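# A structural model of the following input is requested.
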Amino acid sequence: MTFPMKKAIASRLLCRSGLRRLLHRTVRWSGVLVLNYHRIGDALDSPFDRGLWSASAEAFAEQIRFCRTELEIIDPADLPRVLAAKRGRYAMITFDDGYRDNYQTALPILRGEGVSATFFVATGFIDAPSLPWWDEIAWMVRTSRHEALQLPAWFDAPVRFDEPEREAAVRRLLRKYKEMPAQATAAYLDAVADAAGTGRADPHAGEALWMDWDMLREMQAAGMTIGGHTVNHPVLSRMSAQGQRHEILECGRRLAAELGTPMRCFSYPVGNPGAFDQTTRDCLREAGVEHAFSYYGGHARFDHWDAYDIPRVAVEMELDTDWFRSLVTLPQLFA
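Residues are numbered from 1 along each chain as shown. Purely as a prediction, here's the structure:
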């Protein structure tokens with residue numbers, strides 16, 4: 001039995017036995033549970049990366065309502081107050097990348113519930129909408145007429161399409177991309193395109209995916225925080241120091257120019273422990289960033305606080321109601 005399956009079973013037992021409510025009152029924890037979303041809605045038959053759909057609109061609304069009843073929902077501007085107190089249980093709602101459904105679907109729900117959230121955007125996709133590398137890889141896999149990809153420079157064996165949705169192949173190719181140096185990624189995408197027989201995606205295929213600056217200004221006026229997520233969404237640690245500096249400082253410059261406020265918070269693309277390094281931290285300090293968020297699970301504890309490595313928990317479609325409620329109640333076990 002896998003670890004996620006064990007968590008799912010445990011959460012079901014906790015919720016349906018009534019034990020979760022008892023533990024909420026008796027098992028104390030302090031800190032900030034930062035929830036991270038990407039897209040809200042239904043992937044349906046999308047040819048793009050379906051792993052980025054975090055919740056349906058209905059599930060997202062239910063999750064926000066539950067968080068509001070269990071925890072105090074804060075935004076980055078509240079962190080100095082919260083850190084000074086060093087006690088209490090808080091939640092923060094965040095989104096990565098800048099997909100348009102954040103504006104069309106998530107924002108009305110957040111407004112209706114009176115909850116603020118933080119949206120980390122890759123400014124290059126706002127300025128020049130295009131298909132990002134993760135969606136392009138998924139598109140190449142799903143539209144290929146082959147049964148496997150021959151990529152001997154990167155894989156010892158063919159990448160087979162062993163399931164109708166080809167999800168395992170998409171995940172495998174994405175993992176490889178995230179591991180390689182930045183200078184190798186273009187050749188890798190070209191090789192996948194050749195092996196799939198699809199060619200590279202139309203540069204205009206992603207134009208409808210992203211928010212625009214007017215949408216972001218409206219979100220900011222509605223009380224949402226807009227943070228940085230680089231320009232082009234690279235894995236920063238795979239870049240040179242000069243490349244990292246450009247991605248971070250240029251992102252901050254564009255946010256300040258369009259929104260009139262400095263970039264005070266930032267989230268790392270990909271966000272695992274290997275996705276950022278000391279150079280990244282130095283660039284963030286130069287840019288005036290006060291809080292930076294990672295993406296590999298856990299909640300932020302006051303006694304182990306790192307302003308440039310604030311952990312976040314991925315909210316995914318597989319997270320059912322029992323699991324989500326257990327996560328919010330007992331993040332030390334379920335985050």
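# Strands along the stretch 51-200 of the chain, start to end?
In the stretch 51-200 of the chain, the strands defined using DSSP state E, counting those that start in this stretch lie at 53-55, 72-74, 89-97, 118-121, 148-149, 159-160.
# what pairs with the one residue sitting closest to the centre of the chain across the strands?
For the chain, residue 96 is the residue whose C-alpha lies nearest the centre (Cα atoms, centre = their mean; 4.3 Å). Residue 96 forms beta bridges with residue 120, as assigned by DSSP bridges.
# Need the winner for burial among the strands of the stretch 51-200 of the chain.
When the strands of the stretch 51-200 of the chain are scored by mean count of other Cβ atoms under 10 Å, the highest mean neighbour count falls to strand 118-121 (a mean of 26). C-betas here are computed from N, CA, C, even on glycine.
# where are the low-confidence patches of the stretch 101-250 of the chain?
Counting by pLDDT under 70, not a single residue of the stretch 101-250 of the chain qualifies.
# Can you identify each of the helices in it by residue range?
In the stretch 101-250 of the chain, the helices defined using DSSP state H, counting those that start in this stretch lie at 101, 107-113, 123-127, 133-143, 167-179, 185-196, 213-221, 241-259.
# Export the strands of the stretch 51-200 of the chain as JSON lines, with columns for distance to residue 105.
Output for the strands of the stretch 51-200 of the chain, formatted as JSON lines (distance: least, Cβ to Cβ, whole Å):
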{"stretch": "strand 53-55", "distance to residue 105": "10"}
{"stretch": "strand 72-74", "distance to residue 105": "19"}
{"stretch": "strand 89-97", "distance to residue 105": "11"}
{"stretch": "strand 118-121", "distance to residue 105": "13"}
{"stretch": "strand 148-149", "distance to residue 105": "33"}
{"stretch": "strand 159-160", "distance to residue 105": "33"}
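# ok, now how distant is the residue nearest to the centre of the chain from residue 125?
11 Å (Cβ to Cβ, to the nearest Å).
# same thing with residue 313?
24 Å.
# swap in residue 118?
Applying Cβ to Cβ, the value for residue 118 to residue 125 is 17 Å.
# try residue 152
According to Cβ to Cβ, residue 152 and residue 125 sit 32 Å apart.
# Please identify which of those two sits among more neighbours.
Taking other Cβ atoms under 10 Å, residue 152 and residue 125 do not tie; residue 125 has more neighbours (23 against 10).
# Quick check: bridge partners of the residue nearest to the more buried one when sequence neighbours are not counted?
Distances taken as Cβ to Cβ, 6 or more residues apart in numbering place residue 210 nearest to residue 125, at 4.7 Å, with adjacent residues excluded. Beta bridges link residue 210 to residue 99 when assigned by DSSP bridges.
# distance of residue 210 from residue 160?
Using Cβ to Cβ, we find residue 210 at a distance of 32 Å from residue 160.
# Can I get the helices of the stretch 101-250 of the chain in a markdown table including distance to residue 91?
Shown next, in a markdown table, are these (distance: least, Cβ to Cβ, whole Å):
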| stretch | distance to residue 91 |
| --- | --- |
| helix 101 | 21 |
| helix 107-113 | 12 |
| helix 123-127 | 27 |
| helix 133-143 | 27 |
| helix 167-179 | 28 |
| helix 185-196 | 35 |
| helix 213-221 | 19 |
| helix 241-259 | 24 |
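# Sweet, I'm off.
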